[in-house]
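*Asks:* I need the structure of the sequence given here:
(2 chains)
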Amino acid sequence: MADASNSDAFVEFERVQKSYDGETLVVKDLNLSLPKGEFLTMLGPSGSGKTTCLMMLAGFETATHGDIRLDGTSINNIPPHKRGIGMVFQNYALFPHMTIAENLSFPLEVRGLGKSDREAKVKRALDMVEMGTFGGRRPAQLSGGQQQRVALARALVFEPELVLMDEPLGALDKQLREKMQFEITHLAHQLGITTVYVTHDQTEALTMSDRVAVFNDGRIQQLAPPDQLYEEPANSFVAQFIGENNTLEGVIKEIREGHALVQLDGGELIACTPVNVSEAGQRTRVSIRPERVEYNKERLQEGAHTLKAEVLEFIYMGDIFRTRLRVAGNKDFIIKTRNAPDQVRLQPGQQIEIGWLPEDCRALDA
Amino acid sequence: MSDTTQSGPVLSADGTPLKRSLARALRMQKVRALMLIAPLLIFILLTFILPIADMLFRSVENRIVADTLSETVVTLEEWDAMSGDAPGEAVYESLYYDLFVAAEAKEHTKLGTRLNYEQTGISSLFRSSGRKMDDFGEDHVEAIEDASDGALKDAALWYEIMTGGSSDAGNTELLKAQRSKMAQLTGEGFGGDIGFVPGADISETFPRLARAYTDFALFVAVMDGDVVAEEDPWESVFVAFAQEVQAPGGAEKIAGYTGPGAAELQAAAAALADLEPISFKQTFVDIDEDWEDVGNWRTIQTYSPKYTSGYFLNSIDMQKGVDGAEARPENQQIYITLFKRTMFMSLVITGSCILLGYPVAWILANLPTRTANLLMILVLLPFWTSLLVRTSAWKVMLQQQGVINDVLVWLGLVADDARLVMINNQFGTIVAMTHILLPFMILPMYSVMQTINPTYLRAAKSLGATNWTAFWRVYFPQSVPGIGAGSILVFILSIGYYITPEIVGGTKGVFISNRIAYHISSSLNWGLAAALGTILLAVVLLLYWAYDKIVGIDNVKLG
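*Replies:* Residues are numbered from 1 along each chain as shown, chains lettered A, B, ... in the order given. Sure thing, here's the model as predicted:
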């Protein structure tokens, strides 16, 4: 977890709590700091507190306890319109009664900029999102993707140092979403703005962010760069939530020098990397990514533990094959293999042996 | 598609034009849809549109003068109203025969009432004259009756004279003309066989007599249901005979007359020889000298046409004068003031409804649904209370010995002898009507505000707008359709409001609708009421049109 008292932090949450009803905490003891220019994504299932955190940062919700600092100053008592934070909303929130140019001009007007200044900035912002010719239109005359770009331009037009985005791509179709993901990250890095991005879409989080904060139950479960998050989940929630994952239940037999021996509920013994388990006898959930499972004996490492498996289903997915196996009593054990010329296509009913590297097999909390 | 390259209409698969086959396919649907709405459509047509159209038509309709005084209006046309002299004998003569029949049919008082709207005093003139129609040619009638030992008292003889005997061809043209005249006068259908056709000879020789007798015959047969030959003719028949015989050339006519009863008629003519010819004008003036009054005749002439703009002129404090439209005397002007007051007060009421309703609608729209529904009941509660009860409650509250004044006096804010006048004036009407019409403003505003996403306000604030700027620049413009809808509703309702101004308005706070109601139910001047109503309707439509031009009616949301 990041150090809360980081001196070069631009945005800081320190021991922040939030409760709506005075009985339950929606956000429990949040500590988070991000340096200038970082693209941070808050990822989590709905109700995990991520949007509440964003709203506290924007100033629409007040923290019940704790301190939120922007560039070193506490902003707890600063109203939203004085925070100077750009924000992109889920439904874009483009003012329907104004044209696109008027929408973009609005934040400049309330800041008292002159007409020529405003026009220049609006034009630059629209050009930036490639919407230069749409200034005279109304939001209702634009497509979802176009509205999204305008919303982005509007959040950036007054040159904020921090931009918040609340699931901005949720309403777009898949192709457009992927295109916009790229554009947003590109723009954010180009302008050097600090971005806090909220989403429940893990692909979006992984592809766009410098770091991802996985939220659950009002807490950050893990804060890490995307690759680390995927490959080294800190607990079983993160392992389950990010990407596809196979789990096997068991009990720790012994832990020694960064290795753990786990006896699965079916009796088999396997070697794992212990993550958040500490002692023998503890129940554990072992997590293995489907693409890290190997069934070709020649490729298996010397001395690796192997398990017997029965092929239940073979699914052809184009670029990959997806095979469902029964392993140690788990009927939903998935393996993914690349559709390469020499790849074997497994047949249902076939008995095979599978194995993996102990580093890829992580013993997490049960 | 190949269709884009071929010219001419697009054809469907079987070669018929696509438009026609589409129309055929849709016709069944249309018929079914029409059948579904037919009951309501017919209901509305019969109970709403037709009565209103009929009522509006009354604002220009003015048949009663021409129908009742059908001959007089024709002869009066030649009279020059500017001359300053009363009309000539011919007009009075026509008036006698018209008025005689009208008096028999008891239609003359209606006409008097109608003309009294334009010129006070005409009503009693007509009523009193109608009772004295026997004054005309009293001696002449007596002389005719006494001639030939009273032979002309015989109804059957008259019948024979007037039919011209069995050999006469009969003048059906005259019968037809008098039929339609009587039908217009009484409003009854004068169809069917009446057992009488005026003789061709007699109606040529004595046309006035023939007309008078035909009128009598029609009336007796149709209105009284009697046999013409058995009824004694009206005095007007005798008067007509006397008039024709005594007219220049009358002596020759009667001498040359050879039809039935020639001897008796010639004897009667001889008896009349000593008497002065009847002067209708003199007799009318003797009955009432107002018949000589040029003003009365001007009024009759002005309102002779079957359609008149008089009611409309009246509605805008004008009248038909000798040279066309002219302003009414100052002390009779009332409607322009009333229209202005109605418009002004409706605007004030609409404005107060906006001011009071907007915050309420805003709170309702921003509260959680449960609480909002609860408060909504409070808004709707007045709807479920009788209008009369609410208005009367305001009377209790606002009157000088009422609740508010009592409290103010008790608090010492107002002296007991200087209690505030808050009712029977414009203030009372505005307060009570604002209260009554408030839900009509809140409901459309609420339904529009509900659709405004709160993120717009958040977005505005995140862009740097203060609470006020965010509201004024972002929220308010989006709520304008609700304000528009509410305003139209409240304004149109209040412009035609009746009960509340009637109860709490006194004399200073009444609306034009109260005046309309007065003319409908008290003064019975329906034409004027219709004209006022038409103007009111036109004003509303005009405002609606203006609103559409300025704001656009698509921007109005009622929910």
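*Asks:* B:Thr466 contacts A:Arg111, doesn't it?
*Replies:* No - the pair B:Thr466 and A:Arg111 does not pass the contact test of Cβ atoms under 8 Å, sitting 11.3 Å apart. Backbone N, C-alpha and C define where each C-beta goes, glycine included.
*Asks:* so, low pLDDT: which residues of chain A?
*Replies:* Chain A contains residues with pLDDT under 70 at A:1-7, A:302-304.
*Asks:* give the other helices and strands that the helix ranked longest in chain B contacts.
*Replies:* With secondary structure taken from DSSP state H, chain B has its longest helix at helix B:335-366. Here helix B:335-366 touches helix B:369-380, helix B:426-450, helix B:476-495, helix B:512-521, helix B:526-550, going by 3 or more Cβ pairs under 8 Å, 6 or more residues apart in numbering or on different chains; DSSP states H and E.
*Asks:* can you rerun that using 7 Å?
*Replies:* Helix B:335-366 sits against helix B:369-380, helix B:426-450, helix B:476-495, helix B:512-521, with contacts defined as 3 or more Cβ pairs under 7 Å, 6 or more residues apart in numbering or on different chains; DSSP states H and E.
*Asks:* most tightly surrounded among those helices?
*Replies:* Each of these was scored by mean neighbour count; the highest is helix B:426-450, a mean of 23, by mean count of other Cβ atoms under 10 Å in any protein chain shown.
*Asks:* hmm, that one touching chain A?
*Replies:* No - figure legend: helix B:426-450 not in contact with chain A (Cβ under 7 Å from any Cβ of the partner chain); closest approach 12.5 Å.
*Asks:* helix or strand next in line after that helix, which one?
*Replies:* Next along the chain after helix B:426-450, taking DSSP states H and E as the criterion, comes helix B:455-462.
*Asks:* not counting the helix or strand just after that following helix itself, show me its contacts.
*Replies:* Downstream of helix B:455-462, the first helix or strand assigned by DSSP H and E is helix B:467-469. Applying Cβ atoms under 7 Å, 6 or more residues apart in numbering or on different chains, the external contacts of helix B:467-469 come out as A:Val110.
*Asks:* tell me the phi and psi of the closest residue to A:Arg111 other than its chain neighbours?
*Replies:* Closest residue in space to A:Arg111, ignoring its immediate chain neighbours: B:Gly464 at 5.6 Å, by Cβ to Cβ, 6 or more residues apart in numbering or on different chains. Main-chain torsions, B:Gly464, degrees, to the nearest 10: phi 110, psi 10.
*Asks:* so B:Gly464 touches A:Glu109, yeah?
*Replies:* No - contact criterion Cβ atoms under 7 Å: B:Gly464 and A:Glu109 do not qualify, at 9.1 Å.
*Asks:* hang on, the earlier thing: and the residue nearest to A:Arg111, how many neighbours?
*Replies:* If you count neighbours by other Cβ atoms under 10 Å in any protein chain shown, B:Gly464 ends up with 24.
*Asks:* if we can go back for a sec, and the longest helix of chain B, how far from the chain's centre?
*Replies:* Relative to the centre of its chain, helix B:335-366 is centred 31 Å away, using Cα atoms, centre = their mean, to the nearest Å.
*Asks:* between it and helix B:426-450, how many degrees?
*Replies:* Taking axes from the mean of the first three to the mean of the last three Cα atoms, to 10 degrees, helix B:335-366 and helix B:426-450 form an angle of 40 degrees between their directions.
*Asks:* which positions in helix B:335-366 come out as buried?
*Replies:* Within helix B:335-366, the residues that count as buried by 16 or more other Cβ atoms under 10 Å in any protein chain shown are B:335, B:338-339, B:341-343, B:345-346, B:348-350, B:352-354, B:357-358, B:360-362, B:364-365.
*Asks:* isn't B:Phe280 up against B:Ser94?
*Replies:* No - using Cβ under 7 Å, B:Phe280 is not in contact with B:Ser94; the gap is 8.7 Å.
*Asks:* list the contacts of B:Asn405.
*Replies:* B:Val414, B:Arg419, B:Leu420.
*Asks:* let's see 6 Å
*Replies:* The neighbourhood of B:Asn405, defined by Cβ atoms under 6 Å, 6 or more residues apart in numbering or on different chains, consists of B:Arg419, B:Leu420.
*Asks:* okay, and it sits in which element?
*Replies:* Using DSSP H and E, B:Asn405 sits in helix B:403-411.
*Asks:* run the chain-centre distance for that helix.
*Replies:* Remark: helix B:403-411 is offset 47 Å from the chain centroid, using Cα atoms, centre = their mean.
*Asks:* mind listing what A:Lys50 touches?
*Replies:* So A:Lys50 contacts A:Met42, A:Gly44, A:Val198, A:Phe215 (Cβ under 6 Å, 6+ apart).
*Asks:* at 8 Å instead, please
*Replies:* A:Met42, A:Leu43, A:Gly44, A:Val198, A:Ala213, A:Phe215 (Cβ atoms under 8 Å, 6 or more residues apart in numbering or on different chains).
*Asks:* mind checking the SS state of the fourth one?
*Replies:* Think A:Val198. The three-state label for A:Val198, taken from DSSP: H, G, I helix; E, B strand; the rest coil, comes out as strand.
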